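Q: After the sequence you'll find the predicted model.
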Amino acid sequence: MKKIDAHLHLADVIAGYCRRGELRAIGQGKAMWGNGDVFQLIPADYGDSWNFRAEKALELMDESGVERAVLMHGSMYGFQNQYHATLLEKYPDRFCPSCTVDPFMTNHYETLKHYLEDLHFHLVKFEISSGGGLMGCHDAFPLDSDRMMKIYELIEKNHGVVALDVGDITMPSHQPAALARIADAFPNLKIVVCHLLAPMADHREEWKASLRMLKKPNVWFDLAALPKIVDADPYPYPSVHEVIREAKEILGADRLMWGTDAPFACAHDAESTYEHLTDYLEKQSIFTPEELQAFYYDNAYQVYFPEEG
């Protein structure tokens, strides 16, 4: 079965930033925040664990039968725009790299315009979440503010895709109503909501209501890191299967895209290998064979690789 990992992170140099200050690699896959907190960011057996580059990712992908990957930005890894630009040219048939800006930079609009129009990026990723994104670095702001709406307009004008990680329902960054207004205001803008809106067991009904609100023809969801977010049972993560079943019932299989959130998702525990995060849905009854192919490949291909269609 063909697969596209719709949510993968690479880092040429780990230069993260967020509410706990800067983040730097300290060896053996570990990283340290500015406040001194240390955690496992990259599995220690991933070779040069001071970074996570394309060649290691391709090795893992090939071993698990993954044809392509979508390269997301994330605040733990830091801006990787220049590295992603080199991959855009070097591996056009394997990666769809994203670009990003901090929308509160003085020259954010001109910089993003350069990425889209001069460097030919197709995807813009914003890590919004209060836990690990822009709202951990800045005061909370509306996702449909005038500043942000001008950004979405620019992306739509360039026939691009915007991916948004808005965190979970406990965070001020979690704004499904604003996402719905954005989708309505820019019907030709492809919008991807990361991590299936981070479902939480104590807020399942609110989560389902948000999915219904966002059932729109220009909105898709990636399911990256669900085993970690749901605090799932061991592989093959049966509690995640139930979450995905509910999402499919509300949204339909054509709105869902498989993804891993590697490498951090693979550092969660010994069970969360890239192989396990790749195949845990292959033997289940949620999807028909045709739907499973759409979930693993066709939907992401339509969103992220339309120029080949």
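A: Perfect, I can see it now.
Q: Which residue ranges of this protein form helices?
A: Shown for the chain, the helices assigned by DSSP state H span residues 54-63, 81-90, 108-117, 134-137, 146-157, 176-185, 204-213, 226-229, 238-251, 274-279, 289-293, 299-304.
Q: what would those helices look like in JSON lines with mean neighbour count?
A: In this view, the C-beta of every residue, glycine as well, is placed from N, C-alpha and C. Shown next, in JSON lines, are the helices of the chain (neighbours: other Cβ atoms under 10 Å):
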{"stretch": "helix 54-63", "mean neighbour count": "17"}
{"stretch": "helix 81-90", "mean neighbour count": "17"}
{"stretch": "helix 108-117", "mean neighbour count": "16"}
{"stretch": "helix 134-137", "mean neighbour count": "20"}
{"stretch": "helix 146-157", "mean neighbour count": "16"}
{"stretch": "helix 176-185", "mean neighbour count": "17"}
{"stretch": "helix 204-213", "mean neighbour count": "16"}
{"stretch": "helix 226-229", "mean neighbour count": "24"}
{"stretch": "helix 238-251", "mean neighbour count": "17"}
{"stretch": "helix 274-279", "mean neighbour count": "20"}
{"stretch": "helix 289-293", "mean neighbour count": "14"}
{"stretch": "helix 299-304", "mean neighbour count": "22"}
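Q: so which of these gets nearest residue 40?
A: Across the helices of the chain, residue 40 has its closest neighbour in helix 226-229 (12.3 Å, Cβ to Cβ).
Q: can you give me the mean pLDDT across that closest one?
A: For helix 226-229, mean pLDDT is 93.
Q: what's the answer for stretch 292-309, then?
A: Averaged across stretch 292-309, pLDDT comes to 91.
Q: What lies in contact with that stretch?
A: Contact partners of stretch 292-309, identified using Cβ atoms under 8 Å, 6 or more residues apart in numbering, comprise 1-4, 6, 67-68, 70, 96, 122-123, 161, 190, 192, 220, 222, 253-259, 281-282, 287.
Q: Of those residues, which count as buried by neighbour count?
A: 3-4, 6, 67-68, 70, 96, 122-123, 161, 190, 192, 220, 222, 253, 255-259, 281, 287 (16 or more other Cβ atoms under 10 Å).
Q: can I get the helices of the chain in a markdown table with distance to residue 18?
A: Listed next are the helices of the chain as a markdown table, based on distance: least, Cβ to Cβ, whole Å:
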| stretch | distance to residue 18 |
| --- | --- |
| helix 54-63 | 23 |
| helix 81-90 | 18 |
| helix 108-117 | 18 |
| helix 134-137 | 5 |
| helix 146-157 | 19 |
| helix 176-185 | 22 |
| helix 204-213 | 24 |
| helix 226-229 | 17 |
| helix 238-251 | 26 |
| helix 274-279 | 24 |
| helix 289-293 | 35 |
| helix 299-304 | 26 |
